[in-house]
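Asks: Let me see the structure of the following:
(one chain, ligands or ions: 2)
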Amino acid sequence: MVTGGAGFIGSNFVRMVLDERPGWQVNVYDALTYAGNKTNLDGLDGQRFSLTQADICDQRTLDAAVRNCDIVVHFAAESHNDNSLAFPWPFVNTNIVGTFRVLEAIRRYGKRLHHISTDEVYGDLELDDPTKFAPDTAYNPSSPYSSTKASSDMLVRAWIRSFSIQATISNCSNNYGPYQHVEKFIPRQITEILEGRKPKLYGHGKNIRDWIHVEDHCSGILTILDKGRLGETYLIGADGEKSNQEVIELILELMGKPRDDFERVNDRPGHDLRYAINADKLKHELGWKPKYTDFKQGLKTTIEWYINNPSWWKLQKTKTEVKYQRLGR
Ligand code: NAD
Ligand code: TDX
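Replies: Ligands and ions are numbered 1, 2, ... in the order given. Predicted coordinates for the structure are as follows:
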């Protein structure tokens, strides 16, 4: 069972599972919020795939779905920092209360859980800090989004210790690739250019994110499901640190525009400066390694996906830019 399986990473994960695990059945459990899209799951094998459209906060429906599965991979979340600054409540509700509901269902029916989290729970690093986030780094979240994800991780840890549920956690860095909502940095810039506008860089643009292709995140999760030790936390990252300005310049170059053809817009309040992941535990203990080590190439194929799929993003684009206009970003 994959909660949030109609979203960006969840739908990529479902596709990978159905391709690579011929004996597995997948039930996507997703409320189809503004971020979930049924068409992300178009064309999947109807014999091995089903969709339950429901909220993780609805304990009855959730219990019925969990009772019928072996493993829950829990992606469902409110996932966008800018939204969390404008309207924090859905983040508290889905990310904290919703994860509590998932944990109670897991406890009741004795199932295995893998909880999907983020590197943002660790706060941010200075640009010149030689250390990276590791599994023993102290939690220090900054935004309503990251603090609710940190809270959800704490609940999972407590349920592991107090109730001996069978669970693992992964904290991954910034993903990019096909099917990412256009509210997020990379698809927003690609689609701004495709609509004849300039990319939008927040503040000074020196902020660093540690980019990983979504398929590498998904293969990391599968590795943890196959070989991960119960009760453990694994960090997933592919050594992809780039400043936001560098990424915008690369997108412009790949789309045949001058590298300085972008605008600077208002900064995000409380904007984290830098994230960086040390994924040694996953690499050395479980033998995982990323496939997409050439960021420029991964970005090129991502740009091609957005060029080839305007009907997928046009409607969400209009709504998203109305939201950004209100925020002055
Ligand atoms: P997304 O916003 O694209 O998808 C979230 C999905 O969850 C959507 O399909 C939505 O309909 C569903 N959902 C939201 N609230 C729900 C609810 N109450 N009940 C049921 N379904 C609900 O998000 P994403 O980028 O695919 O992120 C997935 C997970 O990965 C999240 O937990 C996020 O914190 C984590 N993560 C994301 C990144 C990243 O770079 N995008 C990096 C690390 C970790
Ligand atoms: O238009 C923009 N211009 C800009 O400069 C947008 C949308 C963003 N930015 C900056 C803000 C960040 O420094 O780009 C960086 C990346 O922004 P987002 O795509 O919003 O990602 P981030 O806030 O880093 O969080 C992401 O990574 C960790 C995901 O959205 C989270 O779900 C994940 O947990």
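
Asks: can you pull the contacts of Leu230?
Replies: Listed by Cβ atoms under 8 Å, 6 or more residues apart in numbering, the contact set of Leu230 reads 112, 160, 166-168. Every residue, glycine included, has its C-beta placed from N, CA and C.

Asks: Next one: it from His114, what distance?
Replies: Using Cβ to Cβ, to the nearest Å, one gets 10 Å for the distance from Leu230 to His114.

Asks: Just the strands from the stretch 151-300 of the chain, written as ranges.
Replies: Secondary structure of the stretch 151-300 of the chain, counting by DSSP state E, counting those that start in this stretch: strands at 166-172, 175-176, 200-202, 208-210, 212-213, 233-236, 241-243, 263-265.

Asks: Now render these as CSV, adding mean pLDDT and distance to ligand 2.
Replies: As requested, these are exported to CSV (pLDDT from 0 to 100; distance: least, Cβ to the nearest ligand atom, whole Å):
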stretch, mean pLDDT, distance to ligand 2
strand 166-172, 98, 8
strand 175-176, 98, 7
strand 200-202, 98, 3
strand 208-210, 98, 5
strand 212-213, 98, 10
strand 233-236, 98, 11
strand 241-243, 98, 9
strand 263-265, 97, 7
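
Asks: which of the ones you listed sits most buried?
Replies: Of the strands of the stretch 151-300 of the chain, the one with the most neighbours on average (mean count of other Cβ atoms under 10 Å) is strand 212-213, at a mean of 26.

Asks: Phi first, then psi, for Gly4.
Replies: The phi and psi torsions at Gly4 (degrees, to the nearest 10) take the values phi 70, psi 20.

Asks: just Lys317 next, same as before
Replies: Backbone torsions of Lys317, given as degrees, to the nearest 10, read phi -60, psi -50.

Asks: do stretch 25-34 and ligand 2 meet at all?
Replies: No. Counting by Cβ under 6 Å from any ligand atom, ligand 2 is not contacted by stretch 25-34; separation bottoms out at 13.7 Å.

Asks: Determine if any part of that stretch is in contact with ligand 1.
Replies: Yes. Residues of stretch 25-34 contacting ligand 1 under Cβ under 6 Å from any ligand atom: 30-33.
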